[in-house]
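Trainee: No letters, just coordinates:
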């Protein structure tokens, strides 16, 4: 007869598998871009789709990490949606060189730029700049989506920032290769020409500041798009592009050739040895993480599904127990892991401490561990399942704000690469201390079980309900229990939708939702790309309250 522990494990595993399958089904729809009909039209015009181009370009049988596949998910319904943000971004390998590839998806509104498209492109460039990673643009875009131009055109983090980054990356010596494989118009025409080298596909690629219709309207000139800015014009007459290629396949082969000639950069030298498989199969994590996000679980057992077998070496294991700070290896890379310990523990005074809550002693320990990893040039991995910092008079009198600030200061000023994996809860100041998006993790991804918000849905709903009830009372109105319950459920449903990892991923608060089995690969590829940085500055933390 199965024990309760076995029953719970099997239930958790089933729930995780259902979440993973739901993720897969959502991604399958997103991968179709604008739909099968538009894919067929792309093929009829002699062009590959964005995903087909990337698949052809990347080295076969090599790992890859997609960034922002869920960008724009369930957004812009009034405009017909924007699957994937209308652009595909993948970190992978071309001719043996790790790089990032950005491909406009012309099946989505002709590759037009929505606000989220701009944000996703800027995220790709940010990754390239932080890690000195070569970037390849596969351009096929109608330019800014005019009905939303006020949200994409003029501000600091809007469309123009893309070209500013082109110039900055060129000055930094970061290789940029752009291929015009379809439309490339108006301000967007600057992107390929501000790259180091540009290619254009004959008959299907065009690049100009204004198309034939606008030229006719503006100056009365009659000219077709091909004569105006096609491959022959832009390589033989204007010299705007460097290479004319016959079709998509030839274009991608030429990019492979250009990438194969890039010299190798000096690397930071993060320590790596031969990788070992985890002590426990990664799939075991499915049953360890409770479907009920309020329940405790064995975090150390979970770590054994992620790190190389035998590599855990815990720092201060008997102090500040609600945070686990440990050296480990992931795919051979030396890492420092900070993980929220979701078991209930006792401190030295025999007092019970809640798992997932950061106490003063935990924050103090984490700050010191972060400093040690920076001194030793060891990349940091944060595993979130945090409900926040401990509250109440005892914690306040003990200086919880001071100790939390110490941890945030040490983490924010880190010069080694940081990676955030949101396993479960990531609430409030706990999200900040554990290196949320605001603190520049090189990559930040979530498991399907993640929740990201100021507080849990239940806690937020009760707080918001109290505010609503107080407003009604101030007006002299009363609220009966039935209405109060309905209002609570309405508030909770609205808030629960916003704490979903899909809500975060659609807005690029996180880079991806991943199958837990992909955690090791994501971190390993992340550290490899960070090693291209060449050198890291000295570590300084400034003023810290002690």
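Mentor: Sure thing, it's come through. Everything numeric in this text was worked out from a predicted model, so none of it was measured. Residues are numbered from 1 along each chain as shown.
Trainee: Pull out the buried positions in stretch 164-179.
Mentor: 165, 166, 169, 174, 175, 176, 177, 178, 179 (16 or more other Cβ atoms under 10 Å). Using the backbone N, CA and C atoms, a C-beta is placed for each residue, glycine as well.
Trainee: For the last one, which non-adjacent residue is closest in space?
Mentor: When you say that, I think you mean residue 179. Nearest residue to residue 179 in three dimensions, chain neighbours excluded: residue 199, at 4.4 Å (Cβ to Cβ, 6 or more residues apart in numbering).
Trainee: Roughly how far does the one you found sit from residue 242?
Mentor: 7 Å (Cβ to Cβ, to the nearest Å).
Trainee: surely residue 500 meets residue 451?
Mentor: Yes: with contact defined as Cβ atoms under 8 Å, residue 500 counts as touching residue 451 (7.3 Å).
Trainee: Show the pLDDT at the residue nearest to residue 188 when sequence neighbours are not counted.
Mentor: Nearest residue to residue 188, sequence neighbours excluded (Cβ to Cβ, 6+ apart): residue 143, at 4.7 Å. In this model, residue 143 is scored at 84, pLDDT.
Trainee: Check the one 5 residues further on too.
Mentor: Here the pLDDT value assigned to residue 148 is 90.
Trainee: and residue 123, what is it in contact with?
Mentor: Listed by Cβ atoms under 8 Å, 6 or more residues apart in numbering, the contact partners of residue 123 are 67, 68, 89, 508, 511.
Trainee: what about it, is that helix, strand or coil?
Mentor: helix (DSSP: H, G, I helix; E, B strand; the rest coil).
Trainee: Distance check, it against residue 455.
Mentor: Per Cβ to Cβ, residue 123 is found 27 Å from residue 455.
Trainee: which residue sits closest to residue 114, ignoring its sequence neighbours?
Mentor: residue 82 (4.7 Å).
Trainee: neighbours around that neighbour, how many?
Mentor: Neighbours of residue 82 under the rule other Cβ atoms under 10 Å: 28.
Trainee: Contacts only, for it.
Mentor: 72, 75, 76, 108, 109, 114, 116, 117.
Trainee: how long is stretch 225-239 from one end to the other?
Mentor: The first and final residues of stretch 225-239 sit 17 Å from each other (Cα to Cα, to the nearest Å).
Trainee: ah, wrong one, I meant stretch 329-349
Mentor: End-to-end for stretch 329-349, by Cα to Cα: 33 Å.
Trainee: again, but for stretch 498-513
Mentor: Start-to-end, stretch 498-513 (Cα to Cα) is 15 Å.
Trainee: per-residue confidence averaged over that stretch?
Mentor: 96.
Trainee: which residue ranges form the helices in the stretch 1-150 of the chain?
Mentor: 4-31, 36-44, 50-57, 115-131 (DSSP state H, counting those that start in this stretch).
Trainee: Please read the previous query as pertaining to the stretch 351-500 of the chain.
Mentor: So, for the stretch 351-500 of the chain - with DSSP H, counting those that start in this stretch - the helices run 360-375, 393-397, 400-412, 428-433, 457-474, 481-499.
Trainee: Next, the buried residues of the first one.
Mentor: Along helix 360-375, these residues count as buried under the neighbour rule (16+ other Cβ under 10 Å): 360-371, 373-374.
Trainee: Contacts only, for the nearest residue to residue 278 once chain neighbours are set aside.
Mentor: Residue nearest to residue 278 in three dimensions, not counting chain neighbours: residue 305, with 5.4 Å by Cβ to Cβ, 6+ apart. Contacts for residue 305 (Cβ under 8 Å, 6+ apart) come out as 278, 279, 280, 281, 282, 283, 284, 285, 288, 516.
Trainee: Next, format those as CSV and append secondary structure, pLDDT and neighbour count.
Mentor: Converted to CSV, these look like this (DSSP: H, G, I helix; E, B strand; the rest coil; pLDDT from 0 to 100; neighbours: other Cβ atoms under 10 Å):
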residue, secondary structure, pLDDT, neighbour count
278, strand, 98, 21
279, coil, 97, 17
280, coil, 96, 17
281, coil, 96, 12
282, helix, 96, 16
283, helix, 96, 14
284, helix, 96, 17
285, helix, 96, 25
288, helix, 96, 22
516, helix, 98, 24
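Trainee: Pick out whichever of these sits closest to residue 348.
Mentor: residue 288 (27.5 Å; Cβ to Cβ).
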